[in-house]
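*Asks:* pasted the sequence and its predicted model underneath.
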Amino acid sequence: MQGCSVHRNIRTFYKLFPLCAALSVSKRRKTHITSRDFTQRVLRQFGSQESEILVPQKLLTIATRGQGLYEFTEEAKAFVKSSSAKEGLLTLFVRHTSCSLLVQENADPDVQRDLKTFFARLVPPSNDPSMAWVIHTMEGPDDMPAHIKSALTQVSIGIPVSSGTLALGTWQGIYLFEHRNHPHDRQIIMHLSL
């Protein structure tokens with residue numbers, strides 16, 4: 001099955017190669033081919049309709065209400081579905097340094113509570129006596145611990161797309177993990193690579 005995918009990608013490359021080469025030649029000759037012209041040439045080559053062009057990127061904003069996990073699995077699934085992609089990789093990237101992204105169980109809310117408690121015990125607020133070594137305190141006692149929690153987790157994750165859907169396990173959900181106490185609007189870039 002994977003071999004078929006590789007052969008299909010090679011065939012696609014050889015179909016696109018003349019178009020890319022034409023674009024490269026036009027740049028050397030100082031003529032101008034717009035992205036729209038290039039897109040139209042690709043559409044003519046493959047016989048596709050413009051409605052089938054993939055939507056490769058979207059900005060998602062999540063309003064948080066303080067520390068905790070905020071699931072956005074359905075939003076990610078809807079983005080993938082709107083792209084019409086059958087195979088690929090969904091990359092999620094949060095544009096902040098005091099929150100992070102997780103793929104975690106979404107069936108039992110106790111998992112979320114335990115994770116929040118674990119991280120609170122691992123990295124307490126900077127006004128806790130065990131955190132007296134912290135220098136960066138100007139933005140409040142939850143700020144530097146939020147940066148540490150973010151560094152211990154991740155700000156970017158990749159999830160395979162298979163048969164047009166996210167290849168998540170039965171109990172897996174996608175979460176924004178807010179590490180600050182106060183509400184924030186968090187921006188997540190969803191990018192689909194084929």
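*Replies:* Arrived safely, thanks for sending. Remember, predicted model here, so these are calculated numbers, not experimental data. Numbering: from 1, shown residues only.
*Asks:* could you check how far residue 161 is from residue 87?
*Replies:* According to C-beta to C-beta, to the nearest Å, residue 161 and residue 87 sit 6 Å apart. No exception for glycine: its C-beta is placed from N, CA and C like everyone else's.
*Asks:* the two: which has the busier surroundings?
*Replies:* Of the pair residue 161 and residue 87, residue 161 is the one with more neighbours under other C-beta atoms under 10 Å, namely 20 against 14.
*Asks:* where's the more buried one, which helix or strand?
*Replies:* Using DSSP states H and E, residue 161 sits within strand 156-162.
*Asks:* contacts for that strand next, please.
*Replies:* Residues from elsewhere that reach strand 156-162 (C-beta atoms under 8 Å, 6 or more residues apart in numbering): 76, 80, 85-94, 101-103, 166-168, 174, 192.
*Asks:* give me the buried entries from the residues you listed.
*Replies:* Buried by 16 or more other C-beta atoms under 10 Å: 76, 80, 85, 88, 90, 92, 94, 101-103, 166, 168, 174, 192, out of the contacts of strand 156-162.
*Asks:* just the ones of those in helices?
*Replies:* Here DSSP state H is the test, and these give 76, 80 as lying in helices.
*Asks:* and which of the buried ones among the contacts of strand 156-162 is nearest to residue 128?
*Replies:* Nearest to residue 128 among the buried ones among the contacts of strand 156-162: residue 102, at 23.9 Å, using C-beta to C-beta.
*Asks:* check contacts around that closest one.
*Replies:* By C-beta under 8 Å, 6+ apart, the residues touching residue 102 are 69, 115, 153, 154, 157, 174, 175, 177.
*Asks:* next one: it from residue 175, what distance?
*Replies:* From residue 102 over to residue 175 the distance is 5 Å, taken as C-beta to C-beta.
*Asks:* quick check: neighbours shared by these two?
*Replies:* Listed as contacting both residue 102 and residue 175 by C-beta under 8 Å, 6+ apart are residue 69.
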